[in-house]
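S.K.: Quick one, what's the 3D model for this:
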Amino acid sequence: MARVTKAMKSMNEKLPASKDPLPLEKAVEVLKGFPARKFDQSVEIHMHLGIDPAQADQLVRGSLVLPHGIGKTQRVVVFAKGDLATAAEEAGADVVRQDDLAKKIKDGWTDFDVCVATPDMMGLVGPLGKVLGPRGLMPSPRAGTVTMDVAKVVQEYKAGKVEFRNDKGANLHAIVGKLSFDPQKLTENIEAFINFVNSLKPQAVKGTYVKSIALCATMSPSVRVAA
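M.R.: Numbers count the residues shown, from 1 in each chain. Sure thing, here's the model as predicted:
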């Protein structure tokens with residue numbers, strides 16, 4: 001624990017003296033300037049929004065394929081049958097099943113990153129909400145994970161698609177790459193994410209929409225970014 005505290009202190013010393021948010025390119029430079037760890041850390045973005053999460057017309061949720069992926073091969077499971085199951089397998093899905101997959105998940109298995117289902121499978125998938133919902137893994141039409149075009153969705157997630165939704169505190173969190181990414185590629189990923197979230201501003205929101213943005217690596221302090 002002492003080593004972790006010492007490392008964090010060292011990183012905090014590398015933060016700019018000013019507490020003002022930084023331009024994105026500078027924030028990425030600071031983040032990449034922290035001492036390296038023994039593994040390639042994920043880079044996360046945290047956005048605080050000026051929405052009321054209690055209002056259904058102010059929820060912010062979506063997904064997008066980042067320009068340079070997220071540096072991680074996502075495990076995708078699919079509920080489908082017949083030709084669509086074959087298409088999902090050919091697209092690279094890790095598991096494509098029906099009843100036996102439902103039973104495995106019901107028993108607590110969640111060793112995957114994305115769950116996709118065809119509409120006709122939702123009668124089977126629906127009861128799994130108690131397991132999948134709290135983990136953000138429940139398929140939904142709004143997120144594009146309940147679809148007939150399973151092959152396309154599998155390919156998108158394998159290419160680095162990220163899914164997000166605001167939490168009860170009006171915050172969004174997502175992985176936008178790895179710390180080993182070239183600064184320009186990491187910046188382009190982050191810009192794409194911020195621009196996409198801006199495009200989702202609910203009409204019911206008045207005043208400032210994006211209140212704050214911060215970046216951090218898996219084991220680093222956060223760096224504030226100018227909204």
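S.K.: okay, CA-based contacts and neighbour counts for the rest of this
M.R.: Fine.
S.K.: ok, residue 139 touching residue 118?
M.R.: No - checked against CA atoms under 8 Å, the pair residue 139 and residue 118 is beyond contact range at 9.3 Å.
S.K.: what helix or strand is residue 44 on?
M.R.: strand 42-49 (DSSP states H and E).
S.K.: Touching that strand from outside, list them.
M.R.: The contact list for strand 42-49 (CA atoms under 8 Å, 6 or more residues apart in numbering) reads 170-179, 190, 208-218.
S.K.: neighbour-wise, which of residue 139 and residue 118 wins?
M.R.: Using other CA atoms under 10 Å as the criterion, residue 139 and residue 118 rank with residue 139 on top: 25 against 21.
S.K.: Distance check, the closest residue to that one other than its chain neighbours against residue 138.
M.R.: In this structure, residue 139 finds its nearest non-sequential neighbour in residue 145, 5.0 Å apart by CA to CA, 6 or more residues apart in numbering. Taking CA to CA, to the nearest Å as the measure, residue 145 falls 8 Å from residue 138.
S.K.: go on, residue 191?
M.R.: Residue 191 is 27 Å from residue 138, where distance means CA to CA.
S.K.: Of the contacts of strand 42-49, which count as buried by neighbour count?
M.R.: When the contacts of strand 42-49 are checked for burial by 16 or more other CA atoms under 10 Å, the buried set is 170-179, 190, 209-210, 212-218.
S.K.: Mark which of the residues you listed are part of strands, please.
M.R.: The strands, defined by DSSP state E, take in 171-178, 210, 212-217 from those.
S.K.: Spit out the contact partners of the residue nearest to the spatial centre of the chain.
M.R.: By CA atoms, centre = their mean, the chain has its centre lying nearest to residue 174, at 3.5 Å. If a contact means CA under 8 Å, 6+ apart, then residue 174 has 44-46, 162-164 as its contacts.
S.K.: Check what pLDDT it gets.
M.R.: Model confidence at residue 174, expressed as pLDDT, equals 95.
S.K.: hang on, the earlier thing: return the residues in contact with the residue nearest to residue 139.
M.R.: With contact taken as CA under 8 Å, 6+ apart, residue 145 is in contact with 115-117, 139, 153.
S.K.: how does it look with 10 Å?
M.R.: Contacts for residue 145 (CA atoms under 10 Å, 6 or more residues apart in numbering) come out as 63, 78, 114-119, 137-139, 153-154, 163.
S.K.: Next one: it relative to residue 49, how far apart?
M.R.: According to CA to CA, residue 145 and residue 49 sit 24 Å apart.
S.K.: Return stretch 183-200 as PDB; C-alpha atoms alone will do.
M.R.: Output in PDB follows, covering the C-alpha atoms of stretch 183-200 (Å, rounded to 0.1, in the frame of the first residue of the first chain):
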ATOM      1  CA  PRO A 183      -1.100  10.900 -28.600                       C
ATOM      2  CA  GLN A 184      -2.900  11.900 -31.800                       C
ATOM      3  CA  LYS A 185      -4.900   8.600 -31.900                       C
ATOM      4  CA  LEU A 186      -5.800   8.900 -28.300                       C
ATOM      5  CA  THR A 187      -6.900  12.500 -28.800                       C
ATOM      6  CA  GLU A 188      -8.900  11.600 -31.800                       C
ATOM      7  CA  ASN A 189     -10.800   8.900 -29.900                       C
ATOM      8  CA  ILE A 190     -11.600  11.300 -27.100                       C
ATOM      9  CA  GLU A 191     -12.700  14.000 -29.500                       C
ATOM     10  CA  ALA A 192     -15.000  11.600 -31.200                       C
ATOM     11  CA  PHE A 193     -16.500  10.500 -27.900                       C
ATOM     12  CA  ILE A 194     -17.100  14.100 -26.700                       C
ATOM     13  CA  ASN A 195     -18.500  15.200 -30.000                       C
ATOM     14  CA  PHE A 196     -20.900  12.300 -30.000                       C
ATOM     15  CA  VAL A 197     -22.100  13.000 -26.500                       C
ATOM     16  CA  ASN A 198     -22.600  16.600 -27.400                       C
ATOM     17  CA  SER A 199     -24.800  15.500 -30.300                       C
ATOM     18  CA  LEU A 200     -27.000  13.600 -27.900                       C
END
